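In: The following block contains a protein sequence and its predicted model.
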Amino acid sequence: MTGIASYLVFFVTLASIFAVVTLGLNLQWGFSGQFNAGVVGFMAVGAYVYAFLTAPLQHGQVGGLHWPIAPAMIASVLATALVALVIGRLTIRLRTDYLALATFGIAAAIHQLALNLEDITGGGRGITSIAKPFQGLGPEGFALAFGALALGLLAACHLLLQRLVRSPWGRSLRAIREDEIAAAALGKDVDRLRLTAFVLGAAPMGLAGALYAAFIGYVSPYDFTAIVTFQIWAMLIVGGSGNNRGAVLGAFVVWALWSMSGIAVVHLLPTRLQVQGGAVQAILIGALLIIMLVFRSRGMIGESLHSSPVLQDETAAGRS
Amino acid sequence: MIAQLVVDGLLTGAVIALGAIGVTLGLAILRFANFGYAEFATVGGYGALAAVLAYGGTGAPLGPFTFGGFMAVALAAGLAAAGLMALIGDWAVFRPLRRRGAGPLVLIFASFGLALVARNLVLLAFGPQPEYYSREIQIAVLLGGVRVMPDQVLVLAVAGLALAALVWLLRRTRIGLAMRAVAENPALAQACAIDPEAAIRATWLVTGALGALAGTLYGLTVQLRPEMGANLLLPLFTAAVLGGVGSVPGAVIGGLLVGVAENLSVLVLPTSYKAIIPFLIMLACFLLRPKGLFGR
């Protein structure tokens, strides 16, 4: 493969992983209106569980379980869902600002645990030699096969979530998002619907975390800081929350902008400022999000105006 | 040992309390959780540092303190920088969003974005290394078996003065009355010929200044780092929630409690877990008493 082609494969792999997270967040926020400001915490759980189950024994830590890749990946998704269930139960009474604060704090706490539970997570050193799939194919084969795997899992997540939100269950979710009291008055179990959506939305985040760990082969607490949560949110807002295609598009667009600004920083910035290149990227992404919110809060695609796929947008009346 | 920890906790708590007052006023009057609030501390602290660097130090040390008289000018510069940032943020981002009738969640996103921009501009301008206003050594004084730095005592005094000034502003001035009225009921306030936009601008200025003061005092007693605001965010919000949203005395007590709890936690937990304590307090507060100690 030429340089550009292999970079493209690398780009598509990471963008697909981010798109999986964005789809999960879209179920939580876009469809059921739950503000999860701790997205990165759930990714970290998935990544660390996968790493812990597959990595060989290292620096005197507990571990060395050498699980095969597929069961480890499934286990990391289940573990993330379980963590989300506990957190969802704890925070079920919280709304908007308070839910945002609580989830933000949870991600910070998970980061601290990853940093401090040295026997399990390796602390600041992280976990190395995590099992990577497709090792028999050589570096190029690995890149291509992993890219295909990530894209395939993204397509599967999209298909599943699309079916879910088109179902009556999905319509109930949007109903509680718009008006909880009215939905409850119509006999919808608000707490149960919210909790289910929270857990189902967290599962793809765990999957993406595990994929990331399997792709890079190394995890450390510094991969899972609040800036990642922010990136995911920017992806969802830019693409259009409440629309799964928008979530995927947003992930690819924002990740493309982030990567290109990274390349631009390397080429344009004086060497003295190179170390702070990440700061320039963060400023750009922050500005992008603000501009999007002020001028086009619907995002690039945005939510379709109908609950039924049979109706066309041209016949839309009323809601803008 | 415990007395020392409690005193240290009260001193950190005083800085947290100042910021928590800003958070609680913001929650009550601006009606959204400003995730960018703690960046006022960073911008204020570094604004003061810029003045100190431009002047070439803080002047000859005053008495037992590590800094000279120029520190007062530097503090003013820090307050001005944060105030300017607050007004620009409101004018460019939050006012257009309010006009469009955006919900609190959109405002939270926007504040997240602004925080990222502000923090990284500071990082770009000053670099990632820790900074100090002065590198003078100071000698701790013993007060009843407890070691205290002279700077820390001054920080406590300044925090007390700022609190008194704030209470005066809220209770005795027209703009303070307008702020409290808008917190209570914006529509009714408007019907009584109070301009909510003016009250909101005043709130941004006052809360920005409080944040900047907290940041400068933090820089004076601990150190300045570009991510200091991000690290202060959870303690500040915890203190505000614990005290009860909208309650100034609640925020002060909440801040002191969070500071003391953080410091006492080392008796039972490894020091590295200190950063989780505010989050645990916040979670307990959400579960047991969501309206806080003094909330209505």
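Out: Ah, there it is. Numbers count the residues shown, from 1 in each chain, chains lettered A, B, ... in the order given.
In: All the helices of the chain, residue numbers only.
Out: No chain in the question, so chain A it is. A:3-25, A:39-54, A:69-90, A:96-116, A:118-121, A:138-166, A:168-178, A:180-185, A:190-216, A:226-239, A:244-268, A:277-295 (DSSP state H).
In: could you do chain B instead?
Out: B:2-25, B:39-55, B:70-89, B:95-99, B:104-126, B:150-172, B:174-184, B:186-191, B:196-221, B:228-243, B:248-264, B:277-288.
In: Output those in CSV; the columns should cover mean neighbour count, distance to residue A:216 and mean pLDDT.
Out: C-beta coordinates here come from the backbone N, C-alpha and C atoms, glycine included. Output for the helices of chain B, formatted as CSV (neighbours: other Cβ atoms under 10 Å in any protein chain shown; distance: least, Cβ to Cβ, whole Å; pLDDT from 0 to 100):
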stretch, mean neighbour count, distance to residue A:216, mean pLDDT
helix B:2-25, 24, 37, 93
helix B:39-55, 26, 31, 96
helix B:70-89, 21, 36, 95
helix B:95-99, 15, 38, 92
helix B:104-126, 22, 24, 90
helix B:150-172, 16, 44, 92
helix B:174-184, 18, 48, 92
helix B:186-191, 13, 50, 91
helix B:196-221, 25, 36, 94
helix B:228-243, 27, 25, 93
helix B:248-264, 23, 34, 94
helix B:277-288, 19, 28, 91
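In: Residue A:278: which of those is closest?
Out: Closest of the helices of chain B to residue A:278 is helix B:104-126, at 7.9 Å (criterion: Cβ to Cβ).
In: now check the closest one, is it near chain A?
Out: Yes: Helix B:104-126 is in contact with chain A by Cβ under 8 Å from any Cβ of the partner chain, via B:104-106, B:108-110, B:112-117, B:119-121, B:123-124.
In: Which strands or helices does that helix pack on?
Out: Other elements packing on helix B:104-126 under the criterion 3 or more Cβ pairs under 8 Å, 6 or more residues apart in numbering or on different chains; DSSP states H and E are helix A:96-116, helix A:226-239, helix A:277-295, helix B:39-55, helix B:95-99, helix B:228-243.
In: which one of the helices of chain A has the most crowded surroundings?
Out: helix A:39-54 (a mean of 29; mean count of other Cβ atoms under 10 Å in any protein chain shown).
In: now the angle between helix A:96-116 and that one, please.
Out: Taking axes from the mean of the first three to the mean of the last three Cα atoms, to 10 degrees, one finds helix A:39-54 and helix A:96-116 inclined to each other by 30 degrees.
In: and the stretch 101-250 of chain A, which of its residues are near chain B?
Out: Residues of the stretch 101-250 of chain A lying near chain B (Cβ under 8 Å from any Cβ): A:101-102, A:104-106, A:108-109, A:112, A:115-116, A:226-227, A:230, A:233-234, A:237.
In: Out of these, which two sit at the greatest distance?
Out: A:116 and A:237 (32.7 Å).
In: shaky segments in the stretch 1-150 of chain A?
Out: A:1, A:59-60 (pLDDT under 70).
In: what about 80?
Out: A:1-2, A:58-64, A:95-96 (pLDDT under 80).
In: For residue B:95, give me its contacts.
Out: By Cβ atoms under 8 Å, 6 or more residues apart in numbering or on different chains, the residues touching residue B:95 are residue B:197.
In: what does residue B:49 give?
Out: B:74, B:78, B:126, B:131, B:133, B:219, B:224.
In: Which residue comes closest to the residue in the stretch 101-250 of chain A positioned nearest to chain B once chain neighbours are left out?
Out: Taking Cβ to the nearest Cβ, chain B has its nearest neighbour within the stretch 101-250 of chain A at residue A:105, 3.8 Å off. Computed as Cβ to Cβ, 6 or more residues apart in numbering or on different chains, the closest residue to residue A:105 that is not its neighbour in sequence is residue B:279, at 3.8 Å.
In: ok, now residue A:39?
Out: Of all residues not flanking residue A:39 in the chain, residue A:229 sits nearest, at 4.5 Å (Cβ to Cβ, 6+ apart).
In: From residue A:48, how far out is that neighbour?
Out: Separation of residue A:229 from residue A:48 (Cβ to Cβ, to the nearest Å) stands at 16 Å.
In: same deal with residue B:175?
Out: 51 Å.
In: ok, and does stretch A:289-302 reach over to chain B?
Out: Yes: between stretch A:289-302 and chain B, judged by Cβ under 8 Å from any Cβ, the touching residues are A:289-290, A:293-294, A:297.
In: Check what pLDDT the spatially closest residue to residue A:164 that is not a sequence neighbour gets.
Out: Nearest non-adjacent residue to residue A:164, counting by Cβ to Cβ, 6+ apart: residue A:170, 5.5 Å away. The score at residue A:170 is 93. That number is its pLDDT.
In: what's the distance between residue A:170 and residue B:80?
Out: Distance from residue A:170 to residue B:80, by Cβ to Cβ: 51 Å.
In: Likewise for residue B:238?
Out: Distance from residue B:238 to residue B:80, by Cβ to Cβ: 29 Å.
In: Over to residue B:273?
Out: The value you get for residue B:273 to residue B:80, if Cβ to Cβ is used, is 38 Å.
In: swap in residue B:277?
Out: 34 Å.
In: what's the answer for residue B:105, then?
Out: 31 Å.
In: do residue A:191 as well
Out: 48 Å.
In: Touching, residue A:39 and residue A:226? I think so.
Out: No: with contact defined as Cβ atoms under 8 Å, residue A:39 does not reach residue A:226; the gap is 9.5 Å.
In: Quick check: neighbours shared by these two?
Out: Joint contacts of residue A:39 and residue A:226 (Cβ under 8 Å, 6+ apart) are residue A:107.
In: Out of the helices of chain B, the one nearest residue A:151 is which?
Out: Using Cβ to Cβ, the nearest of those to residue A:151 is helix B:104-126, at 28.7 Å.
In: what angle separates that closest one from helix B:39-55?
Out: Using the same axes, to 10 degrees: helix B:104-126 against helix B:39-55 is 20 degrees.
In: Measure how helix B:104-126 sits relative to helix A:226-239, angle-wise.
Out: 130 degrees.
In: about what we covered before: closest to residue A:9 out of the helices of chain B?
Out: helix B:104-126 (29.4 Å).
In: Would you mind writing the CA trace of the closest one as CSV?
Out: Coordinates of each C-alpha in helix B:104-126 appear next as CSV, following Å, rounded to 0.1, in the frame of the first residue of the first chain:
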residue,chain,number,x,y,z
PRO,B,104,-29.9,24.7,29.3
LEU,B,105,-28.2,21.7,27.7
VAL,B,106,-27.2,23.7,24.6
LEU,B,107,-25.8,26.3,26.9
ILE,B,108,-23.8,23.6,28.7
PHE,B,109,-22.3,22.4,25.4
ALA,B,110,-21.4,25.9,24.5
SER,B,111,-19.7,26.4,27.9
PHE,B,112,-17.8,23.1,27.4
GLY,B,113,-16.6,24.5,24.0
LEU,B,114,-15.6,27.8,25.5
ALA,B,115,-13.7,26.1,28.3
LEU,B,116,-11.7,24.1,25.8
VAL,B,117,-10.8,27.2,23.8
ALA,B,118,-9.9,29.3,26.9
ARG,B,119,-7.8,26.5,28.6
ASN,B,120,-5.8,25.8,25.4
LEU,B,121,-5.2,29.5,24.6
VAL,B,122,-3.6,29.7,28.1
LEU,B,123,-1.6,26.6,27.4
LEU,B,124,-0.5,28.0,24.1
ALA,B,125,0.5,31.3,25.6
PHE,B,126,2.2,30.2,28.8
